[in-house]
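> fold the following, please.
(one chain, ligands or ions: 1)
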Amino acid sequence: MENHNDRRKFIKNVGIGAAAIGTAGLAGVLNSCKGQKQEEQVKKEEPKAQVIEWKMVTTWPPHFPMLGESADKIAEWVNEMSGGRLKITVYAGGELVPALGAFDAVSEGTVEMGHSASYYWSGKCPAAQFFAAVPFGFNAQSINAWIYSGGGMELWEKLYAPFNMKPFLAGNTGVQMGGWFNKEINSMADFNGLKMRIPGLGGKILAKAGGNSVLMAGGEIYTNLERGVIDAAEWVGPFHDLKLGFHKAAKYYYYPGWHELGTAFELMVNLKAWNSLPDDLKAILNAATYKSNIWMLSEFEAKNNAALRELIDVHKVQLKEFPEPVIKELKKLSKEVLDEQAATDPAFKEVYESFLAFQKNIYGWNKMSEEPYQKLKYI
Ligand code: CA
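Numbers count the residues shown, from 1 in each chain. Presented below is the predicted three-dimensional model:
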């Protein structure tokens with residue numbers, strides 16, 4: 001009540017001050033200054049800006065290292081940058097909707113946002129896979145260049161618009177590992193009958209090579225590998241693989257992850273929700289995704305090597321590189337799988353063409369930049 005009375009008193013005084021101007025010389029000016037000061041005090045008492053509350057579903061276990069953490073951080077950063085005007089509550093996979101229900105939940109407007117990897121939506125929208133990873137695709141640096149500066153984002157937005165969603169890049173794993181094997185891979189013949197956990201396009205390529213791709217969640221890999229239900233499994237890279245203890249269930253750790261050379265993560269935002277945001281909150285949300293993209297890649301790059309050293313030095317893991325002829329043949333099969341999909345799916349074809357053109361373009365530059373860089377010896 002006291003505040004209301006004060007407020008009325010201020011308003012009354014402002015009125016008196018304003019009336020005095022022009023009629024009472026210096027006294028009027030003084031009154032007008034007093035009036036301005038009082039006006040400022042009135043402004044401070046105005047009700048606080050509206051707080052917008054959004055929900056973000058994810059495909060990750062709660063606070064999952066780097067991936068779930070990056071979703072948590074986006075919410076934190078947006079809250080900080082917006083002075084608490086946009087509050088995002090993050091839900092782990094299964095908490096609000098099933099992990100792989102994130103796409104539909106955002107598309108249908110059940111929630112405003114989803115944090116995931118677009119290759120999970122290959123069944124609904126096969127072309128979405130280009131914005132996460134395709135075999136022999138981009139590394140982190142190149143996918144950023146393609147999406148941010150090479151026309152990729154426009155294609156991604158066009159692809160998601162019919163689903164009422166706006167996509168953002170939100171992270172990257174960097175180059176992944178090829179996986180854990182209980183059989184050596186010396187030639188393509190070794191893929192014959194090989195049972196491997198390798199999802200998505202990687203799995204299709206394995207099948208073309210004569211192997212069997214077996215689907216299972218991350219939590220089931222260890223037991224199946226240890227019991228011999230599968231002969232091999234790919235997961236992420238040293239940091240995450242060490243945590244799941246795969247070195248206790250498989251003999252060989254192969255590189256490189258030809259099927260995931262720089263897997264990108266996404267933030268999906270419901271278009272109606274996005275359009276309802278004021279411009280400054282749009283800019284804040286966009287900035288938070290850029291921050292998340294560089295944060296996640298930095299975490300992977302900084303922590304993978306320490307984990308790799310532990311796997312080699314402490315757990316005596318046998319590290320192996322896929323032989324060159326095997327990589328060459330896998331590349332050929334990858335091209336066949338992508339070409340086949342493009343022949344039946346116009347949206348896939350459109351994104352594939354942009355992807356191929358940009359790959360060719362960036363390769364021309366990388367031959368003079370990244371390739372010689374990789375050959376330089378560290379000081
Ligand atoms: Ca993987």
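> close to the ion: what parts of this protein are there?
Selection of the chain residues close to the ion by Cβ under 5 Å from the ion yields 176, 260. In this view, the C-beta of every residue, glycine as well, is placed from N, C-alpha and C.
> pLDDT weak spots in the chain?
1-47 (pLDDT under 70).
> which other helices and strands does the lengthiest helix in it contact?
Counting residues, the longest helix found in the chain (DSSP state H) is helix 279-309. For helix 279-309, the packing partners by 3 or more Cβ pairs under 8 Å, 6 or more residues apart in numbering; DSSP states H and E come out as helix 67-81, strand 86-91, strand 165-172, helix 238-244, strand 264-270.
> tilt between the first one and strand 264-270?
Interaxial angle, helix 67-81 versus strand 264-270 (axes from the mean of the first three to the mean of the last three Cα atoms, to 10 degrees): 50 degrees.
> most centrally placed residue in this protein?
When Cα atoms, centre = their mean is applied to the chain, the residue found nearest the centroid is residue 265 (2.1 Å).
> please report how far that one lies from the ion.
As defined by Cβ to the ion, to the nearest Å, residue 265 lies at a distance of 12 Å from the ion.
> buried residues in the longest helix of the chain?
By neighbour count on 16 or more other Cβ atoms under 10 Å, the buried set for helix 279-309 is 281-282, 284-285, 288-289, 291-293, 295-297, 299-300, 303-304, 307-308.
> for stretch 69-78, same thing?
Buried residues in stretch 69-78, counted by 16+ other Cβ under 10 Å: 69-75, 77-78.
> on the three-state scheme, the residue lying closest to residue 192 once chain neighbours are set aside is what?
Leaving aside its chain neighbours, residue 192 sits nearest to residue 210 (4.1 Å; criterion: Cβ to Cβ, 6 or more residues apart in numbering). Here residue 210 is coil, with the state taken from DSSP: H, G, I helix; E, B strand; the rest coil.
> try residue 135
The three-state label given to residue 135 by three-state DSSP is coil.
> would you mind measuring from it to residue 304?
For residue 135, the distance to residue 304 equals 20 Å [Cβ to Cβ, to the nearest Å].
> over to residue 51?
Here the criterion is Cβ to Cβ. By it, residue 51 lies 39 Å from residue 304.
> for the ion, what is the nearest residue in the stretch 251-379 of the chain?
Closest approach between the stretch 251-379 of the chain and the ion, counting by Cβ to the ion: residue 260, at 4.7 Å.
> let's verify that residue: helix, strand, or coil?
Under three-state DSSP, residue 260 falls in the coil class.
> contacts only, for it.
With Cβ atoms under 8 Å, 6 or more residues apart in numbering as the criterion, the residues that contact residue 260 are 133, 135, 173, 175-176, 202, 234.
> now do the nearest residue to the residue nearest to the centre of the chain once chain neighbours are set aside against residue 267, distance only.
Of all residues not flanking residue 265 in the chain, residue 171 sits nearest, at 3.8 Å (Cβ to Cβ, 6+ apart). Distance of residue 171 to residue 267, given as Cβ to Cβ: 9 Å.
> give me the common contacts of those two.
Common contacts of residue 171 and residue 267 (Cβ under 8 Å, 6+ apart): residue 292.
> residue 222 and residue 249, how far apart?
6 Å.
> so residue 170 sits against residue 117, correct?
No. Using Cβ atoms under 8 Å as the test, residue 170 is too far from residue 117 to be in contact (9.4 Å).
> higher neighbour count, these two?
Each of residue 170 and residue 117 has its neighbours counted (other Cβ atoms under 10 Å); residue 170 has more, 26 against 23.
> check contacts around the more buried one.
Contact analysis of residue 170 by Cβ under 8 Å, 6+ apart lists 70-71, 74, 115, 265-267, 289, 292-293, 296.
> so what sits opposite the closest residue to it other than its chain neighbours in the bridge?
Nearest in space to residue 170, with sequence neighbours left out and distances taken as Cβ to Cβ, 6+ apart, is residue 267 at 4.2 Å. With DSSP bridges as the criterion, residue 267 is bridged to residue 115, residue 168.
> would you list the phi and psi of the residue lying closest to residue 301 once chain neighbours are set aside?
Leaving aside its sequence neighbours, residue 301 sits nearest to residue 174 (Cβ to Cβ, 6+ apart; 5.6 Å). Phi and psi for residue 174, reported as degrees, to the nearest 10, are phi 70, psi -170.
> burial of residue 174, as a residue count?
Per other Cβ under 10 Å, the neighbour tally for residue 174 reads 21.
> that one against residue 142, yeah?
No. Counting by Cβ under 8 Å, residue 174 does not reach residue 142; the two are 11.9 Å apart.
> for those two, list the residues in contact with both.
Common contacts of residue 174 and residue 142 (Cβ under 8 Å, 6+ apart): residue 262.
> quick check, the residue nearest to residue 192 in contact with residue 191.
Yes. Contact criterion Cβ under 8 Å: residue 210 and residue 191 qualify, at 5.3 Å.
> more neighbours: these two, which one.
A direct count of neighbours by other Cβ under 10 Å for residue 210 and residue 191 places residue 191 higher, at 24 against 13.
> from residue 171, how far out is the closest residue to residue 308 other than its chain neighbours?
Spatial nearest neighbour of residue 308, chain neighbours left out: residue 238 (4.0 Å); criterion: Cβ to Cβ, 6+ apart. From residue 238 across to residue 171, the span is 17 Å (Cβ to Cβ).
> what do you get for residue 270?
Applying Cβ to Cβ to residue 270 and residue 171 gives a distance of 20 Å.
> looking at the two now, which is surrounded by more residues?
residue 171 (28 against 23).
> the more buried one touches residue 295, doesn't it?
Yes. Between residue 171 and residue 295 there is a contact under Cβ under 8 Å: 7.4 Å.
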